[in-house]
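Novice: sequence and predicted structure below; questions after.
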Amino acid sequence: MLTPQMVLHEEEHKEISVICEQLVAEAHAKLVFLVDKNGQLIASAGDTENMDTTSLASLAAGNIAATGGLAKLIGEEEFSILFHEGRRDNLHLSLISQRLILVVIFDHRSTVGLVRLRVKRAGNQLTKLLDEIDKNRQGEDANPLFAEITDDDIENLFND
């Protein structure tokens, strides 16, 4: 099932990016991505220069969707954390507020335990921020954080 696209103001995006940057530093990660469940990249931090960010975001969302199907088959609603271990790099994926995917890529400089600890804190920060954004949007213009982008919104982008 598709969910509406995430719409953020510039300041909100900066706050999310700061959390991602802190996570890279504190978890000794190579890079961090925040992706919506449709595979749309929201924010990234770390060494993204040699990474196909579009493919990574899409595949992370697909991975969450596929394991969601597995979870349902065994009577679970969803798996909130996924971990893939490679020879050089490891991949940690976690659901944030049941609507975003936090992807952390790390190598031998870190450990799964440290990443999980730091992801938990970053996840709590992101959840709190998303709740604040939702609350502000309801008072501001009644548009939820996840809103449909209208033709008027697109037109306004090109008129600025």
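Specialist: Okay, I see it.
Novice: where does pLDDT dip in the protein?
Specialist: Where the chain drops to pLDDT under 70, the residues are 1-6, 139-157, 160.
Novice: centroid-nearest residue for it?
Specialist: Centroid check for the chain by CA atoms, centre = their mean gives Leu34 as the closest residue, at 2.5 Å.
Novice: next SSE after whichever helix or strand it is part of?
Specialist: Leu34 is part of strand 31-36 when elements are defined by DSSP states H and E. Taking DSSP H and E as the definition, the helix or strand that follows strand 31-36 towards the C-terminus is strand 41-46.
Novice: list the contacts for Leu82?
Specialist: Applying CB atoms under 8 Å, 6 or more residues apart in numbering, we find Leu82 in contact with 63-64, 67, 91-94. No exception for glycine: its C-beta is placed from N, CA and C like everyone else's.
Novice: which single helix of this structure contains the most residues?
Specialist: Secondary structure assigned by DSSP state H gives helix 112-140 as the longest helix of the chain.
Novice: run the angle between the strand holding Leu34 and strand 41-46 for me.
Specialist: Orientation of strand 31-36 against strand 41-46 (axes from the mean of the first three to the mean of the last three CA atoms, to 10 degrees) gives an angle of 170 degrees.
Novice: list the neighbouring strands of strand 31-36 plus their orientation.
Specialist: Strand 31-36 pairs in its sheet with strand 41-46 (antiparallel), strand 100-106 (antiparallel), by DSSP bridges.
Novice: quick revisit: against Gly75, how distant is the residue nearest to the centre of the chain?
Specialist: Leu34 sits 29 Å away from Gly75 when distances are taken as CB to CB, to the nearest Å.
Novice: how distant is stretch 20-27 from the center of its chain?
Specialist: On the basis of CA atoms, centre = their mean, to the nearest Å, the separation between the geometric centre of stretch 20-27 and that of its chain is 14 Å.
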